[in-house]
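Q: What follows is a predicted structure for the sequence shown.
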Amino acid sequence: MQNVINGIPLWWYLFVAAALFCIGLYGVLARKNAIAMLMGVELMLNSVNLNLLAFWRYLAPGSQAGLAFAAFIFVVAAAETAVGLALIISAYRSLRSVDPEKLDQLKF
């Protein structure tokens with residue numbers, strides 16, 4: 001059985017998700033800006049969501065478990081963004097920089 005829905009095979013979705021994950025990983029590892037690092041983490045979470053939804057749609061479209069997992073990941077991503085931005089704003093107010101290497105200078 002070939003996994004094709006609306007003319008798009010499953011491996012195309014997996015390829016796009018892998019590319020998104022690699023771009024996000026590069027953004028986390030190569031950037032010196034904390035906001036760009038958060039954007040890289042968001043890209044990685046979106047690639048995981050794309051994988052979850054693709055496998056759900058191709059393997060078990062009758063159940064709603066794939067949608068529940070995707071919604072849960074969206075909630076976790078939103079919470080991670082809120083907490084991360086709050087930490088970045090707090091660090092910026094103290095150091096006037098969003099360079100993650102300078103965050104070890106914070107003493108609370």
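A: That came through, no problem.
Q: mind checking which helix or strand the most centrally placed residue in the chain is in?
A: Among the residues of the chain, residue 45 comes closest to the average C-alpha position under C-alpha atoms, centre = their mean, at 2.3 Å. Per DSSP states H and E, residue 45 falls inside helix 34-59.
Q: If you count contacts, what does that helix end up packed against?
A: In this structure, helix 34-59 packs against helix 10-30, helix 65-95, with contacts taken as 3 or more C-beta pairs under 8 Å, 6 or more residues apart in numbering; DSSP states H and E. Backbone N, C-alpha and C define where each C-beta goes, glycine included.
Q: picking up where we left off before, report the separation between the residue nearest to the centre of the chain and residue 37.
A: As judged by C-beta to C-beta, to the nearest Å, residue 45 and residue 37 stand 13 Å apart.
Q: Report whether the expected contact of residue 66 with residue 57 is present.
A: Yes. Residue 66 lies in contact with residue 57 (C-beta atoms under 8 Å); the separation is 7.1 Å.
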